[in-house]
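> how would this look folded up:
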Amino acid sequence: MSTLKEAFTLVAPWYNLAMILVGLYLFFVLSKIKNNSINLAPWKFVFAALGVGLIEELTIVLRSSGVISVPIHINGFFEVIIIGLLLYTLFLKRKILR
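Next up, the predicted model:
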């Protein structure tokens, strides 16, 4: 069972990084839509959260590869920034819908 756990800890950051890159690609496709009735302000904050997530996953992958030496508590700071951006997005969307 410990080998399965080790396999997941090695592969999971790469899958997360791939999912973030797919999300960024979808945002670039969304930005090419020419529709003035869509309010893109909340989506900009989601895009920023994805950007922070990309930086976080890159640090995780580089740390696990041994390229950089960054303390593990840095991930918590990234998570707080991501959650803050997503909460602000929800509040902004609520304000727009009123």
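> residues near residue 45, how many?
When counting by other Cβ atoms under 10 Å, one arrives at 19 neighbours for residue 45. Placement of C-beta: from N, CA and C, glycine included.
> helix or strand right after the host helix or strand of it?
Using DSSP states H and E, residue 45 falls within helix 41-65. Using DSSP H and E, the helix or strand that directly follows helix 41-65 along the chain is helix 74-97.
> report the longest helix in the protein, please.
Using DSSP state H to assign secondary structure, the helix with the most residues in the chain is helix 2-31.
> how about the nearest residue to residue 74, chain neighbours excluded?
Of all residues not flanking residue 74 in the chain, residue 59 sits nearest, at 6.6 Å (Cβ to Cβ, 6 or more residues apart in numbering).
> Relative to residue 73, how far out is the one you found?
According to Cβ to Cβ, to the nearest Å, residue 59 and residue 73 sit 12 Å apart.
> So between the two, which is more surrounded?
Neighbours per residue (other Cβ under 10 Å) separate residue 59 from residue 73, with residue 59 holding more: 18 against 7.
> Confidence-wise, which helix or strand of this structure is lowest on average?
The weakest-scoring helix or strand in the chain, judged by mean pLDDT, DSSP states H and E, is helix 2-31 (a mean of 86).
> ok, and for that one, which residues are buried?
13, 16, 17, 20, 27 (16 or more other Cβ atoms under 10 Å).
> would you list those residues in a markdown table and tack on distance to residue 79?
Formatted as a markdown table, the buried residues of helix 2-31 follow (distance: Cβ to Cβ, whole Å):
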| residue | distance to residue 79 |
| --- | --- |
| 13 | 14 |
| 16 | 13 |
| 17 | 16 |
| 20 | 14 |
| 27 | 20 |
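> Looking at these, which one is closest to residue 41?
Closest approach to residue 41 among the buried residues of helix 2-31 (Cβ to Cβ): residue 27, at 13.8 Å.
> Residue 20 versus the closest residue in space to the closest one that isn't next to it in sequence, what's the distance?
Of all residues not flanking residue 27 in the chain, residue 47 sits nearest, at 5.1 Å (Cβ to Cβ, 6+ apart). Residue 47 sits at a distance of 11 Å from residue 20 (criterion: Cβ to Cβ).
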